[in-house]
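S.K.: I need the structure of the sequence given here:
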Amino acid sequence: MTKNIAVIGAGPGGYVAAIRGAQLGANIYLIEDREVGGTCLNRGCIPTKTYFRNAEIMSTLRRSEEFGITIDNYRLDGKALQERKKAVVGQLVGGIEKLISSYKNIEFIPGRASIKDKNTIIVDLKDGNNREITVDNMVIATGSKPTMTETKGVDLEGVITSDDLLEMEEIPETLIVVGGGVIGLEFASIYQELGSQVILLASRILKNVDMELTRRLPMFFKKQGMETYVDIRAKEITKEGDKLKVIARYKNKDEEIEVVGDKVLIASGRGPVVEGLNLDHIGIEHDQRGIKVNEDFETTVEGIYAIGDVNDLGIQLAHVASSQGIYVMEKLMGLTPDINLDIYPNCVFTLPEVAYVGLTEGELKEKGIDYITSKFMFAANGKALSLGEGEGFIKVFASKEDKKILGVTILGPHANDLIHEGALAIANDMDIDSITRTIHAHPTLSEAFMEAVHGLEDKAIHIAPPRKRRKK
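M.R.: Here you go, the predicted structure:
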């Protein structure tokens with residue numbers, strides 16, 4: 001008997017789950033009340049990475065004389081920037097829509113879903129009608145939305161979310177960014193290069209990362225020209241003529257500062273989208289973190305699952321949502337899937353890029369793991385220098401006893417591409433020899449990872465030998 005499965009939400013969790021379910025022979029109802037691709041494709045990952053590329057080009061243009069190129073009178077066209085972003089998003093959305101339609105056992109239903117009971121969904125269709133669907137299982141993949149802080153004045157005109165900023169054609173002369181997480185840092189770094197004077201107010205720089213990143217990133221931001229304040233919280237936002245003033249207080253000292261800008265971006269995080277799903281009526285437990293799920297992503301109602309940003313696991317990453325969607329569908333269709341939510345790459349598109357996977361040094365110490373570590377600087381990598389991006393490093397951690405790779409942190413050029421060698425090594429329980437027996441091409445950035453791993457056993461060619469301490 002063929003299973004009927006409803007997937008609510010067509011973002012990177014939902015549409016991937018729908019396709020995997022269809023591949024395994026299920027009849028899929030894919031319900032979406034906005035655009036295919038969800039936040040990631042339409043208002044998140046892809047638009048910001050499109051802007052990131054513009055920021056990279058602007059950075060290169062400013063440094064063009066380093067490369068022997070003189071350029072005069074270049075400028076950024078905000079309208080053209082928007083048009084390019086829309087073209088990239090449009091092409092990807094169209095491709096996914098075509099992909100979905102190529103599966104005859106996926107029915108795409110534009111509308112808003114409400115769960116009547118564990119086997120019934122009512123869809124408010126775009127044409128104003130309702131439709132009732134009976135299914136064996138449901139997968140909730142409704143994603144997340146920007147959340148506002150409780151800071152006084154967040155309702156003022158000019159105080160915006162990341163969604164708002166991505167729709168603006170003009171580049172603010174001065175942009176105040178409140179928040180030091182991934183979203184805040186990416187927008188701060190990108191808009192500084194696009195031409196804004198950015199003022200960053202961060203209570204902390206990222207979380208659960210290597211402490212060297214939290215120390216070094218503010219230095220890079222300041223070098224970029226950004227005003228950067230760390231360990232500080234926005235207290236109040238007020239109007240000052242046609243500008244906005246943010247009053248902020250340091251967390252660990254009795255001191256306040258005031259900064260003035262044209263726009264204030266609140267990048268304080270994202271919350272689950274659960275409105276209208278009727279969760280309380282049918283007994284699905286949830287809170288401000290999201291829908292409660294077990295190790296198989298099943299909610300408190302049997303047969304109903306929640307994947308991605310909408311569940312309470314706190315991993316708001318498109319690639320993790322996709323992996324959860326595949327896992328759930330394979331589970332529902334009788335397979336024995338495997339997923340390791342301890343190992344997934346984190347990527348931050350700042351200038352320079354940041355990426356990390358596995359355990360940090362702080363976590364290794366906290367767990368009492370005996371470890372060895374090695375760091376290779378991009379300043380000693382030929383490809384990085386030829387790119388004009390010789391700043392940053394690759395740091396690798398391994399267990400002292402069996403030499404298994406446990407964690408990788410990268411700050412520097414193409415960090416978000418390079419991190420996958422580390423992710424592959426950790427996810428497959430590989431040791432130092434597994435990396436060092438692999439010949440890495442020259443000249444490439446990947447050599448830096450190889451050198452860092454060689455350094456764990458003091459075999460790196462391009463790292464100076466450690467100095468021996470003099471005996472007193």
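
S.K.: C-alpha from now on. contacts and neighbour counts both.
M.R.: Will do.

S.K.: Show the average pLDDT along stretch 60-70.
M.R.: The average pLDDT for stretch 60-70 rounds to 95.

S.K.: Any chance you could list what contacts that stretch?
M.R.: I71 (C-alpha atoms under 8 Å, 6 or more residues apart in numbering).

S.K.: how about the nearest residue to V154, chain neighbours excluded?
M.R.: Of all residues beyond its chain neighbours, the one nearest V154 is I237 (6.6 Å), with distances taken as C-alpha to C-alpha, 6 or more residues apart in numbering.

S.K.: mind listing what's buried in the helix or strand containing that neighbour?
M.R.: For I237, the host element (DSSP states H and E) is strand 232-240. The neighbour-count check on strand 232-240 (16 or more other C-alpha atoms under 10 Å) flags 232-237 as buried.

S.K.: re the thing from before, isn't the residue nearest to V154 up against L244?
M.R.: Yes: with contacts counted by C-alpha atoms under 8 Å, I237 reaches L244, the gap being 6.8 Å.

S.K.: out of everything not next to it in sequence, what's closest to V36?
M.R.: In this structure, V36 finds its nearest non-sequential neighbour in A10, 5.3 Å apart by C-alpha to C-alpha, 6+ apart.

S.K.: any idea how this structure splits into domains?
M.R.: By the assignment in automatic domain parsing, the chain contains the domains 4-145+271-332, 159-268, 352-455.

S.K.: can I get those in CSV with distance to I461?
M.R.: Shown next, in CSV, are those (distance: least, C-alpha to C-alpha, whole Å):
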stretch, distance to I461
domain 4-145+271-332, 28
domain 159-268, 24
domain 352-455, 7
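
S.K.: To N340, which of these lies closest?
M.R.: Nearest of these to N340, taken as C-alpha to C-alpha: domain 352-455 at 7.8 Å.

S.K.: Just the mean pLDDT for that closest one, thanks.
M.R.: Mean predicted confidence for domain 352-455 is 97.

S.K.: circling back to that earlier point, and which of the buried residues of strand 232-240 is nearest E457?
M.R.: Nearest member of those to E457, counting by C-alpha to C-alpha, is I232, at 40.6 Å.

S.K.: Can you give me the distance of that closest one to G179?
M.R.: Using C-alpha to C-alpha, to the nearest Å, I232 is found at 10 Å from G179.

S.K.: between the two, what contacts are shared?
M.R.: Residues touching both I232 and G179 by C-alpha under 8 Å, 6+ apart: 201-204.

S.K.: Make CSV from those residues and add pLDDT and distance to V357 to it.
M.R.: Formatted as CSV, the entries for those read as follows, by pLDDT from 0 to 100; distance: C-alpha to C-alpha, whole Å:
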residue, pLDDT, distance to V357
L201, 98, 26
A202, 97, 23
S203, 95, 23
R204, 94, 20
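
S.K.: The helix ranked longest in the chain packs against which elements?
M.R.: When the chain is parsed with DSSP state H, its longest helix is helix 78-101. When contacts are defined as 3 or more C-alpha pairs under 8 Å, 6 or more residues apart in numbering; DSSP states H and E, helix 78-101 packs onto helix 38-43, helix 45-62, strand 106-117.
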